[in-house]
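Enquirer: Let's see this in three dimensions:
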Amino acid sequence: MLAVFFRKDELYSIISKEVEGGKKIFISDATGALVLSTEYEKKYVNLNEVPFEEEYRKDSKEYSFVRYDGSDYIMLRKQINRPSININHWSIVYMIPAGAVHSSIQQIRMTSVVLSVLCIVFSFILTILLSRNITGRISKLLKKISNVKRGNFTISDEAEGTDEISILDNSFNEMIERIDTLIHEVYEAEIRVTKEKLKNSIIETRAREAEIHTLQSQINPHYLFNTLESIRMKLLTKGDRESSDIIGMFGETFRLALSNHNDIYKLSDELRFVESFFLIQKYRYGDRINYEKDVPSDLLNVYIPKLILQPLVENAIYHGIERKADGGTVTVRGRIVDGKLVITITDDGAGMDEEELNLLRERINKSNQADSPMGYSGIALRNIHTRLRLLFGDQYGLIIHSGKGIGTEVVVSLPVTDAS
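Expert: Just a heads-up that it's a prediction; the model follows:
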């Protein structure tokens, strides 16, 4: 058996060194008798003698708040049971000054507040810097877009960096550069084409003017009419009325063609010209040719280009009916179809097979072919077709249908232009 004894004053000295800052310790046995305490000099014998003025906030079995010797403490209670060393139901009371705890809490609170403020300020400054960096580059990009909308394709400095905004900015610059290059290429190409068209138009216009002047210089309408009238009267005095009528109609035909200096006239004038031409042909072919007209009266005042129908009627007689042994009929019809004036010249003559028809269609649609290999018929059809397309657009012109031994139909489409 080993017994160890300690002097209370020595234990007090050891405990006093461990508890600083006004902390108190009381150790009592099961009966409450103080075994040891930091209040050694006050000579308390029992824990119940310690004058705790009040005890409050007993919301826990391990600690509570008490007032002792005029100060507030946090009191911690701990029960010790060590039967092996004959310690049963001892208690340790550990008292910490509330002010020290509050001071530590206040210090922690102040430190937390300062750190929070610093973090907020730093975050705010960092957010402003990042925001200015992002919004600044976006503003530059928007300014570029605005300049492009106004037609300014000048590229400013490229954006630095590798983020999404820089990639977008550089891609936009590449796109603008490409668009600017394409615009210049297209613009220059259009200028070249326009100059070439203008040059060709001037050449063509001058050539036509020269041709017109040449024809006008060769034909004096008054001289021609007077001469034909003199011949007609001479034949009439000799009793040759048939020849006199032919000369008279021939002169009237030329009068209609040459008297009006405008390039267009009424459909009624063109039909009268066609009828005069047909009567002249009637003297030649007799009953082998016939002429029919089916044009509503409300279309007679529609304006059409000069000499559009007469060459087609002439073509129907010479290349259709003349090749047919028993002759035939030429029919002129006029209608308004889908807002267009559609005139058809139909004959029941010899017609063409599929190969001949395709060859003719190919020739009249190629305005740059030489005239001689086509023959007069092809030239006339091509000239009328080209003339209508130049005057009114590619949606107008001639369409030809034909069948061998059946006849030929030429469809002429023009815009509706009335007298107003």
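
Enquirer: Break down this protein into its strands, ranges please.
Expert: 24-28, 34-37, 52-56, 63-68, 71-82, 87-97, 264-266, 289-294, 303-305, 328-337, 340-347, 397-403, 407-415 (DSSP state E).

Enquirer: Out of those, which is closest to residue 182?
Expert: strand 397-403 (34.7 Å; CB to CB). For the C-beta atoms, the positions are set from N, CA and C on the backbone; glycine is no exception.

Enquirer: which helices and strands does the closest one pack with?
Expert: Judged by 3 or more CB pairs under 8 Å, 6 or more residues apart in numbering; DSSP states H and E, strand 397-403 is in contact with helix 354-364, helix 375-392, strand 407-415.

Enquirer: Mean neighbour count, those: which tops it?
Expert: strand 407-415 (a mean of 20; mean count of other CB atoms under 10 Å).

Enquirer: which strands and helices sit next to that one?
Expert: helix 310-316, strand 340-347, helix 375-392, strand 397-403.

Enquirer: strand partners of it, parallel vs antiparallel please.
Expert: strand 340-347 (antiparallel), strand 397-403 (antiparallel) (DSSP bridges).

Enquirer: ok, of the strands of the chain, where does mean pLDDT dip lowest?
Expert: Among the strands of the chain, strand 52-56 has the lowest mean pLDDT, at a mean of 68.

Enquirer: which residues of the stretch 101-250 of the chain score low on pLDDT?
Expert: Where the stretch 101-250 of the chain drops to pLDDT under 70, the residues are 102, 104, 153, 155-161, 206-229, 232, 235, 242, 248-250.

Enquirer: Point out the one among the strands paired with strand 407-415 that comes closest to residue 361.
Expert: Closest among the strands paired with strand 407-415, using CB to CB: strand 397-403, at 6.1 Å.

Enquirer: gap between that closest one and the chain center?
Expert: 41 Å (CA atoms, centre = their mean, to the nearest Å).

Enquirer: ok, and for it, which residues are buried?
Expert: 397-398, 402 (16 or more other CB atoms under 10 Å).

Enquirer: which residues does residue 324 contact?
Expert: 348-350 (CB atoms under 8 Å, 6 or more residues apart in numbering).

Enquirer: could I get those as TSV with pLDDT and neighbour count?
Expert: TSV is the format used below for the contacts of residue 324 (pLDDT from 0 to 100; neighbours: other CB atoms under 10 Å):
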residue	pLDDT	neighbour count
348	92	20
349	89	25
350	89	19
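
Enquirer: Nearest to residue 302 among those?
Expert: Distances from residue 302 to the contacts of residue 324, taken by CB to CB, are shortest for residue 348, at 26.8 Å.

Enquirer: Count the neighbours of residue 351 for me.
Expert: 21 (other CB atoms under 10 Å).

Enquirer: surely it meets residue 400?
Expert: No: counting by CB atoms under 8 Å, residue 351 stays clear of residue 400, with 10.9 Å between them.

Enquirer: anything in contact with each of the two?
Expert: Counting by CB under 8 Å, 6+ apart, the residues touching both residue 351 and residue 400 are residue 408.
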